[in-house]
Each structure stands twice: as C-alpha cells, then as structure tokens.
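Visitor: Model the structure of this input:
(2 chains)
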Amino acid sequence: MIFVNKKILALIPLLLINVFSQNSKQQQYEYAYNLYVQEKFFDAITELKRLQFFDKENTFSFQTNLLIGKCYKKGAKFDDAVKYFTLAEINAKNDSEYFESQILNARTNILRRANKQSERILNKLLDDSRFIFKTREIKYWAGWNFMFSNQWQKAYQIFSEAGLDTTLANLCKSVDDKLYSEKFAKYSSYLIPGFGQFYTGEYISGVLSLGWNILFGYLTINSFVEERAFDGIIIGNLLWLRFYSGNIQNAEKFVIQKNLQLSNNALEYLQKNFSGEKP
Amino acid sequence: MNIFNFKKIASLKRMLFFFMGIFLQIVSISSTSLCQQINFHSPQNIKSFADFLFCDKDYLRAIYEYEKYLSFIDDDTIQFKIAISYSSINDQIDAVEKFKTIKITSPLYEESKIELLKSLYLLNVNSQYFTYADEIIESKSRYSINAEKIKNTSRLLLNHELPDKQIFLFPFDENEKKTLSNFYDRKTNPSYKSGIIAGILSTIIPGAGKIYTKDYSDGITAFLLTGLFTYLAYTNFEHNHSERAWIFTAAGVGFYTGNIYGSIASAQIFNAKINFEFDEGVKLFLQEKNYFTPVYDFCK
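Guide: Predicted coordinates for the structure are as follows:
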C-alpha cells in the first residue's frame, strides 16, 4: 500500500509543476486575448509573441499563431495574417483547429483579392471527407470569393444552391443582370462605330465616335472615288483606322469601367448594410 | 508482549517516515511550482524576449521591450541596440538621439559614433554630417577610416568639386577602389548630351537630334512624319490643291518645330537620367556596404 502511495507521491510534483506552468501561460494567453478584444492589436501581438517565446513545449502554438493572424487581419495586414494562419494550420492538433485556420486563411485571401489562392483552399476543404458536414460553410465563403473576383453569376448560383443565403443570392442576381457584356459592346462597335458607347450610356462619346468615323470614312472613300489613291491611303490609315480601332477600344474600356463600378458599389453596399458574416 | 511492542514501534516508525515524506513533498512542490510559474515580466525575461525580437527584426517591439528593461537596469549595450533598432526602421531622428546617449566609457562608444554618422547621412543634414565626419576622421579612432570612406562616397552626391583622384581613393581597399574610380570618372566627366547640339541637328535633319540623345524610335518617327507631310504639302501645291496643301504645310511645320523643341527637351531628360542613375548607383553602393559600419554579433 505504501509502495503504491510512494509512486503516486512521486508523480504529484511533476503534475503540479506542469499545471502551475500551464496556468501562467494560460493567464498570459487570456491577457493577450483581452487586448485583442479591446482592439489593441499591436500590444496583443507583442504578448502573444512573448507567450510563444516562453512556450518551449509549443503548447499554445496553434492558439497564439491563430490570434496573431486575427490581429493582423483586423489591422488589414493581410500578408502577415496569411503567414500566421498558415503557421496555425501547421500547429493544428485536430481537424477542428485545422479547419478553423484554413477557413480564416481563405477569408483573408478573399480580402486581399488573392482569389485563386482562396479558391484553392476552399476546393481542398470541399474535397476533404473530414469536413463533409461543413460543406455549407465552405460554399458560403466560396460564394464570397466569387463576389470579390467579380464573378456574380457563379456567386448567385452558389448562394441560391439549397437556399444557402437568399439575401446574397438576390443581390448577386441583381448585379449580374446589370453587368454589361464586353463582347456585345466590342462586336456592335465593329458594325456601328459608337454603338458600344451608347450601350454603356456614354452618349456624347458615342456621338463623337460615330461622327469622326463618318467624316474620315467619307474623306477616305471620296479620295478613292476621285482617283486620289495616295490621299485615300493616308487618310484611311492615319485617320479613319485610328478612329475606328479607337472606337472599339473605347467601348471595351467603358464596359470594364462600368462593370467595376457596379461590382464595387455592390461590395460597398454589402460592407455597410449586410448583417451576416463577412470575410 | 515484547515482540508485539517491537512490531508496533516499527509500524509507528514507518507511519512517521510516510508522513514526513508527504511533508517534504508538499514543501518541495510549493517551492518548485513557484519556480515554474513563468514570470514573463522579470528583467531577465524581458531582455531575453527583446533580444529575440531584435534578432527577428521586429525592431519596434524590441525597442519597447528594451526600454522596459532599462527601467530596471541601466545598460549601454541595450541603449545601443535601441539606437540600432531605430536606425533599422529608418527613424533616424530617434536613432541620433539614442546614439548620443552612449557614454564615452562604453565599449560600444566608437561604434555609436560611426552609427551616428550613418544616421546623420540618412537624415540628409549635410552640414552637421560633414562636420561630424571630419571630427571622427581627426580623432584617429578605430573607425576613422570608415568615416573617411562614407564621407568621400557621399561627396559624389553633391555638386561640389571633388579632390584629386588619388586623395579621393586613398581610404578605400583595392576592390572598393575599382568601383569608386568608376564613380569618380563618371562624376568628373559625365556623358551628358548638349541641348544646343540636339536642337541644331534636328534643325538640319528632322529627328537627328533625338537620335543623338539615343531616342531612336522618336527620331525615326519624327523624320518620317516631317518628310511625309512635306511631301504631301509639296505634291498638293504642285496639283493646285492649295487648301489641302496649306493644311499639310501647317502639319509639317508643326512636326518640324515640335521636333526641334523635343530634341532639346530630350537632351535635358537624357542628362537628368544620367544624374539619377549615377546618384542611385552611389546610394546603392553605400547601402550594400552598410554605410561602412561594423558588423555586430548580437544575434549569434
């Protein structure tokens, strides 16, 4: 009986030493977490780095790296945030921690417009059988990723799939309906100069483009009709073709500008008015 | 009876040892566990953490931690490290202030002087910088030669006359001499292009001025366009299309005069580019040489 007790007695100090040391690290983590809650991100990172420095057993590696990443994300230092979320992922001890770090990594990549990177992470999670029950959440962020990469049609499809988020689905649908077609603007301008500009609502530019093309087209054709071939070639090359190709480029430029404006307006609306979870 | 008493005493003795064991364990547990409680903010731990941050190049946090440590213990090396940290994050004003606090008795006093010189150079306060450089050179201290090197190199960035080449190159070693000799020659004989020559050339042959300033594509375009409009004007006059002829004449004259003006501007741009590339080269050289400051083994 006493022999057994001796064994237990030998274990007690070791356990207690560990518990006490863990307590101080836990306290340090809580202190850093409070700083994070108070939005004192610089100080929070300092305290988390301090904990990492003294945590020789790497007990808090996941938590500290994840929280440092969150601090950087809140401070819009997305590159640093991604670095620490990746470190958190390396130190994840279970599936849940791995998933959390990966999702945060994907969300940060959405914000820094590294959409390919985000898509790669989310697709990897979708293919992972361990996270089948998290499919809705992964798809939700995939939808946000499409919105940030101006793929509103795809975003609409993913949000409307099994009623993932009807508010976002409706918004994506309305943005997608308003978007201008780059191909239509381009090819219609090939047929009627200035049409692409009319299509995007740039009427003055459209009228000017049409006017210049009619004028120089007339002068070029007239030169050939009057058998002044050299004049015709010069006017045609230096003036008419210049305005004709400029008209097509202009139409494309307007479509890109207008679409970007529509996308940015929609994202700004989401930032200010959407109450659901955002990247 | 005696045997019974003897057994009882032995059992009591075992009990006594057992409880004494527990007592000793409690004492040792409480003492060791107190030791195991990490005091994150003890001066030694603050310093260790600050050193880690410093070597991790997280200089701003390192400064805060070192300052905390200094509130417990005064240490010249730490003051020096703070100054180096400020200098590394390009806060040269605070770096200068900190370097000035290094005492003459400190083993890093000489280093602080050459680092201060570097900070003054980066602050771009020329008068103070050159006076201080001369002070270090004249003191014949450990880093006098370094001060002379940084002073001579930075003189290349000013528009003042340089000393004789041999005197200029004297403090540098053989490898450095090659680079500095090239810089010296480029400074004293810059390959500038004359705006007047460019203008005259373009007056004689449109576009020639631009070719002289190595702006080949613009030169050829100017030559072709001026030639084309001149030809068009000429043929239209010849065929009595006077309206069109005058339009082409105006266009031709526009191109011709514009090209002369453009050639003069091109020469000025060429010269500005030469100056810019030279200054950037000198600055890069200084940066690569770490402004001739010593290498420290703080992070070994």
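Visitor: which residues does A:Arg136 contact?
Guide: Shown in contact with A:Arg136 (Cβ atoms under 8 Å, 6 or more residues apart in numbering or on different chains): A:Ala162, A:Leu164. Where you see a C-beta, it was placed from the backbone N, CA and C, and this is true even at glycine.
Visitor: For chain B, see how far away it is.
Guide: Per Cβ to the nearest Cβ, to the nearest Å, A:Arg136 is found 39 Å from chain B.
Visitor: Which helix or strand contains that residue?
Guide: helix A:135-148 (DSSP states H and E).
Visitor: So chain B: which segments form each domain?
Guide: Following automatic domain parsing, one finds the domains of chain B at B:43-155, B:195-285.
Visitor: Regarding B:Tyr143, what are the backbone dihedral angles?
Guide: Note on B:Tyr143: its backbone torsions stand at phi -110, psi 20 [degrees, to the nearest 10].
Visitor: measure stretch A:178-195 end to end?
Guide: Across its full length, stretch A:178-195 reaches 18 Å between end residues, using Cα to Cα, to the nearest Å.
Visitor: returning to that earlier point: put together a markdown table for the domains of chain B, with mean neighbour count on each row.
Guide: Below are those laid out as a markdown table (neighbours: other Cβ atoms under 10 Å in any protein chain shown):
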| stretch | mean neighbour count |
| --- | --- |
| domain B:43-155 | 18 |
| domain B:195-285 | 17 |
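Visitor: helices or strands next to the top helix by length along chain B in the packing?
Guide: Assignment by DSSP state H gives helix B:242-288 as the longest helix of chain B. The contact analysis (3 or more Cβ pairs under 8 Å, 6 or more residues apart in numbering or on different chains; DSSP states H and E) places helix B:242-288 against helix B:144-155, helix B:174-188, helix B:195-204, helix B:208-212, helix B:216-238.
Visitor: how far does it sit from the chain's center?
Guide: Relative to the chain's own centre, helix B:242-288 is displaced by 32 Å; criterion: Cα atoms, centre = their mean, to the nearest Å.
Visitor: In chain A, where is pLDDT below threshold?
Guide: Applying pLDDT under 70 to chain A flags residues A:1-22.
Visitor: related to what we said a few turns ago, which helices and strands does the helix or strand that the helix holding A:Arg136 is followed by pack with?
Guide: Using DSSP H and E, the helix or strand that follows helix A:135-148 in sequence is helix A:152-160. Using 3+ Cβ pairs under 8 Å, 6+ apart, the elements in contact with helix A:152-160 are helix A:135-148, helix A:166-178.
Visitor: In terms of helices and strands, where is the residue most central in space within chain A?
Guide: The residue lying closest to the centre of chain A (Cα atoms, centre = their mean) is A:Ile110, at 2.4 Å. When elements are assigned from DSSP H and E, A:Ile110 belongs to helix A:95-111.
Visitor: For that helix, name the packing helices and strands.
Guide: helix A:61-74, helix A:78-90, helix A:115-127, helix A:135-148.
Visitor: right, so these: which one is the most enclosed?
Guide: Compared across the helices and strands packed on helix A:95-111, helix A:61-74 shows the largest average neighbour count, a mean of 22 (mean count of other Cβ atoms under 10 Å in any protein chain shown).
Visitor: What helices and strands are in contact with it?
Guide: Checking 3+ Cβ pairs under 8 Å, 6+ apart, helix A:61-74 ends up next to helix A:2-37, helix A:41-54, helix A:78-90, helix A:95-111.
Visitor: Could you save the helices and strands packed on helix A:95-111 as a markdown table and add columns showing distance to B:Leu180?
Guide: Shown next, in a markdown table, are the helices and strands packed on helix A:95-111 (distance: least, Cβ to Cβ, whole Å):
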| stretch | distance to B:Leu180 |
| --- | --- |
| helix A:61-74 | 43 |
| helix A:78-90 | 38 |
| helix A:115-127 | 46 |
| helix A:135-148 | 52 |
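Visitor: Would you agree A:Ser188 is in contact with A:Gly196?
Guide: Yes: with contact defined as Cβ atoms under 8 Å, A:Ser188 and A:Gly196 form a contacting pair (5.6 Å).
Visitor: Between the two, point out the one with more neighbours.
Guide: Per other Cβ atoms under 10 Å in any protein chain shown, whichever of A:Ser188 and A:Gly196 has more neighbours is A:Gly196, with 32 against 19.
Visitor: Once you drop chain neighbours, what's closest to that one?
Guide: A:Ala251 (2.4 Å; Cβ to Cβ, 6 or more residues apart in numbering or on different chains).
Visitor: residues in contact with the one you found?
Guide: Going by Cβ under 8 Å, 6+ apart, A:Ala251 touches A:Ala185, A:Lys186, A:Ser188, A:Ser189, A:Phe195, A:Gly196, A:Gln197, A:Tyr199, A:Thr200.
Visitor: So which of these sit within strands?
Guide: Using DSSP state E, no member of the contacts of A:Ala251 sits in strands.
Visitor: Is A:Lys56 part of a helix or strand, or is it coil?
Guide: coil (DSSP: H, G, I helix; E, B strand; the rest coil).
Visitor: how many other residues sit next to it?
Guide: A:Lys56 has 7 nearby residues by other Cβ under 10 Å.
Visitor: mind checking the backbone torsions on it?
Guide: With angles defined as degrees, to the nearest 10, A:Lys56 sits at phi -70, psi -30.
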